[in-house]
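Undergrad: just need the structure, nothing else, for what follows:
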Amino acid sequence: HRATGFGLEAKKPHTDGVVVGWGTVHGRTVFTYAHDFRIFGGALGEAHAQKIHKIMDMAIAAGAPLVSLNDGAGARIQEGVTALAGYGGIFQRNTRASGVIPQISVMLGPCAGGAAYSPALTDFVFMVRETSQMFITGPDVVQAVTGEKISQNGLGGADVHSGVSGVSHFAYDDEQSCIEEVRYLLSLLPQNNREMPPTVVNDDPVDRRNDALLDLVPVDGNRPYDMRKVIEEIVDHGEYLEVHE
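TA: Residues are numbered from 1 along each chain as shown. Got it, this is the predicted structure:
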């Protein structure tokens, strides 16, 4: 960073709290950025934002998915309005990329302020229970303003956002399962809005009878049944990914 004041000029760590780049998942190009909570709590400053802006522009230009690994404390307050302008650039690019390339946000820590706004603008949000949180502002501020005492998970944990607010599409118990499912989702999606989704050779016969449906779906319309079992019976090899479980 190139900021001064509040002692920042004496501490200039490499990366400025974010690592960006690109690689392949299942042989297909993916762009990514990852917050580094060890540096200024992953908070966003001017240089930090410029790196994210650049990788987002590259993803849009290349027509490839963008995956963000989020673990940040929001705007770097010491840099003031410059940090806020950085978030404005991210939000603008989120909006420009919407419907053009897949945008996937993976929440891997406590994310406040802008670090929660941007993921909420993306197509898919993944969270890890007990590890990740998303909130506009933290429990201390909520208590100071409203008098309500609440934990981080109670305010913005994975179960809150996957079961109440609907902001999170997927919730997992550990990071490894979460990231494996991100890779699986990428394997199902097209690279951009001008491509078809990938296809594979399928040996599940198109004329296969679904006799099991006679038992799965009751004749009595008032009786409940498990819709997931019906889907598994119908789709190829019983394989599907449920969004917003």
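
Undergrad: relative to Ala10, how far out is the closest residue to Ala73 other than its chain neighbours?
TA: In space, and not counting its chain neighbours, Ala73 is closest to Gly41: 3.9 Å by Cβ to Cβ, 6 or more residues apart in numbering. C-beta coordinates here come from the backbone N, C-alpha and C atoms, glycine included. From Gly41 across to Ala10, the span is 17 Å (Cβ to Cβ, to the nearest Å).

Undergrad: and for Arg76?
TA: On the measure of Cβ to Cβ, Arg76 and Ala10 end up 15 Å apart.

Undergrad: who has more neighbours, the two?
TA: Set Arg76 next to Ala10 and count neighbours by other Cβ atoms under 10 Å: Arg76 wins out with 27 against 7.

Undergrad: that one: what's it in contact with?
TA: For Arg76, the contacting residues are Ala3, Phe40, Ala43, Leu44, Gly45, His48, Ala83, by Cβ atoms under 8 Å, 6 or more residues apart in numbering.

Undergrad: and Glu130, by the same measure?
TA: Glu130 touches Asn153, Gly157, Ala158, counting by Cβ under 8 Å, 6+ apart.

Undergrad: quick check: buried residues in the helix or strand harbouring Gln50?
TA: Taking DSSP states H and E as the criterion, Gln50 maps to helix 46-62. By neighbour count on 16 or more other Cβ atoms under 10 Å, the buried set for helix 46-62 is Glu46, Ala47, His48, Ala49, Lys51, Ile52, His53, Ile55, Met56, Ala59, Ile60.

Undergrad: and what of stretch 220-238?
TA: Neighbour-count burial for stretch 220-238 flags Glu233 (criterion: 16+ other Cβ under 10 Å).

Undergrad: can you give me the first-to-last residue distance of that stretch?
TA: Terminal residues of stretch 220-238 lie 25 Å apart, using Cα to Cα, to the nearest Å.

Undergrad: find the nearest non-adjacent residue to the residue nearest to the spatial centre of the chain, please.
TA: The chain has Ser105 as the residue nearest its centroid, 1.6 Å off, counting by Cα atoms, centre = their mean. Once flanking residues are discounted, Ser105 sits nearest to Pro119: 3.5 Å by Cβ to Cβ, 6+ apart.

Undergrad: residues near the one you found, how many?
TA: Counted with other Cβ under 10 Å, Pro119 comes out at 26.

Undergrad: which element is it on?
TA: Assigned by DSSP H and E, Pro119 falls in helix 114-121.

Undergrad: and that helix, what other elements does it pack with?
TA: strand 66-70, helix 81-97, strand 103-107, strand 133-135 (3 or more Cβ pairs under 8 Å, 6 or more residues apart in numbering; DSSP states H and E).

Undergrad: same question for that helix, mean pLDDT?
TA: Helix 114-121 shows a mean pLDDT of 92.

Undergrad: list the buried ones in whichever strand or helix holds Glu180?
TA: Assigned by DSSP H and E, Glu180 falls within helix 175-188. For helix 175-188, a neighbour-count test (16+ other Cβ under 10 Å) marks Cys178, Ile179, Glu181, Val182, Leu185, Leu186 as buried.
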